[in-house]
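J.: sequence first, then the predicted structure, then my questions.
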Amino acid sequence: MRSLKILAVFLLLSSSLTAQDRYDEIIKRTQWFRNARFGMFIHFGAYSVPARGEWLKSDEKMTTEQYQKFVDAFVPIDFDAKKWAKIAKQAGMKYAVMGAKHHEGFCLWDSKLTDYKLSKQFGGRDIIREFLDAFRAEGIKVGLYYSIIDWHHPDYPNVGNHPQAGNAEWSKKTYNWDNYLKYMHGQIEELVRDYGKLDIMWYDYSFDDYFGEKWKATELLKMVRKYQPDIIIDNRLEGDGTAGSYSLKWGDFVTPEQSIPDESPKEAKGRVLPWETCLTTNNNWGFNQFDNQWKPAELLIQSLIRCVSMDGNFLLNIGPDPKGNIPEPCINILSQIGDWMQKNGESIYGCGSCTLPKQNWGCYTQKGNTIYAHWMYPFIGPINIKGINNKVKMVTLLSTGVEPPNEKNWWGSKGNDNLFINFGKPIHCTFPLLDKASSVIKIEMK
């Protein structure tokens, strides 16, 4: 009896410690992710053929029969995963996540659980395997996006954004939800079991009452960890990635979308959670021939900096055309980002927030005893980095190693906590931005 009591206390303490240590486990598991900071998102599928975005089937209320012509026409003859991987590496991206199945239900890997897959009409080619092999060869971490909703499966009901949501005739149908979950779990098992080491599983998405155990999330997590113990998982089994979805019961990082939060997502005790903003290079995830609103490289670099300055990651999307080519404007943008990263990546990789107050001229990132001042916006006269003067060992422009003029006092502002920095001569001249995105000042502390 005494031994049973001891066992009961041990189990109670173990479960208690597990709850307390959950945050520490997440931080440990995501260490490489938080060091990498910059990744590529890839949206590619049959929706690339009509070139009106990945939500076409839902937006235009198409039936599977109406959508089939796009599936039949999707034969990406120019697909070259090695070329994509080299573009990602040149851009300075340290990880990549590719969609294995979007909401339309069409699979890009050779799933044994369905014939609704690209390999059937593409000479047996499994482009997910090709993606994984090519990106791994370039030293880039790899992840897969999987939509847990499915507009094609006969047992997935017409709920949420289903193309036939609200359709009276469709509402008369009967659905076997357990059968759908068996299919969904089975497909995810294929991916985590048969495709080597995966670094990220990116689920999309929960809504209304369809979250958590509706997807049998605990069972799913246990299965995934069986095959991939070190994989990190997004939080979309429990929410859509927005505020309020921060419990991380079934995931490891928070996923704001198409926006950068004003402050870092935090858990109940106020500790910063691992997080990642995903953003499009134009205004669509999937290829859209009518969307030429390409974001300037400078804006995207500044967005990356803003994320890192709040301990976050930046996942930048590409939407290849139906033949498998990354649009030329997108390649040019990634090339410009890569040029900046080659000179300034030290201020991004392995960096996080700084305790210095935010400034209107830019952002800070920090790694150990080194602070990086990202001078992102034009400014009259020198910038003042207060509170660190007596602790400074060396100040240089990161891209060149040149030491800029710096002063303790300027125009009536005197004090040992001042550090006025300017690259112009004389020191009162307008700072000529050396880089349109961000000129990075490296401040090494004693």
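T.: Ah, there it is.

J.: got a list of what Asn344 touches?
T.: Leu398, Ser399, Asp435, Ser438, Val440 (Cβ atoms under 8 Å, 6 or more residues apart in numbering). Quick note: C-beta positions are derived from backbone N, CA and C, even for glycine.

J.: helix/strand/coil for the spatially most central residue of the chain?
T.: Centroid-nearest residue in the chain, with Cα atoms, centre = their mean: Leu315, separated by 3.3 Å. At Leu315, secondary structure determined by DSSP: H, G, I helix; E, B strand; the rest coil is strand.

J.: distance of it from Tyr203?
T.: Separation of Leu315 from Tyr203 (Cβ to Cβ, to the nearest Å): 14 Å.

J.: from the contacts of Asn344, list the buried ones, please.
T.: Leu398, Ser399, Asp435, Ser438, Val440 (16 or more other Cβ atoms under 10 Å).

J.: dump these to JSON lines, plus distance to Gly212.
T.: Formatted as JSON lines, those follow (distance: Cβ to Cβ, whole Å):
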{"residue": "Leu398", "distance to Gly212": "44"}
{"residue": "Ser399", "distance to Gly212": "47"}
{"residue": "Asp435", "distance to Gly212": "45"}
{"residue": "Ser438", "distance to Gly212": "40"}
{"residue": "Val440", "distance to Gly212": "42"}
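
J.: where does confidence bottom out across the residues you listed?
T.: Within the set of the buried ones among the contacts of Asn344, pLDDT is lowest for Asp435 (83).

J.: where do the helices of this structure begin and end?
T.: Along the chain, the stretches classed as helices by DSSP state H are 2-29, 31-36, 56-59, 64-73, 81-90, 127-137, 168-171, 177-194, 217-227, 297-309, 328-344.

J.: winner for burial among these?
T.: Across the helices of the chain, the average number of neighbours (mean count of other Cβ atoms under 10 Å) peaks for helix 297-309, which reaches a mean of 22.

J.: for Asn390, find the nearest of the helices of the chain.
T.: Comparison of the helices of the chain against Asn390 by Cβ to Cβ identifies helix 297-309 as nearest, at 23.9 Å.

J.: domain parsing for the protein?
T.: 23-347, 362-445 (automatic domain parsing).

J.: tell me the one of the contacts of Asn344 nearest Phe253?
T.: Closest to Phe253 out of these is Ser438 (24.8 Å), distances taken as Cβ to Cβ.

J.: residues of stretch 357-366 that come out buried?
T.: So, applying 16+ other Cβ under 10 Å, buried residues of stretch 357-366: Gln359, Trp361, Gly362, Cys363, Tyr364, Thr365, Gln366.

J.: which one of the residues you listed is nearest to Phe79?
T.: Of all the buried residues of stretch 357-366, Phe79 sits closest to Thr365, with 36.0 Å by Cβ to Cβ.
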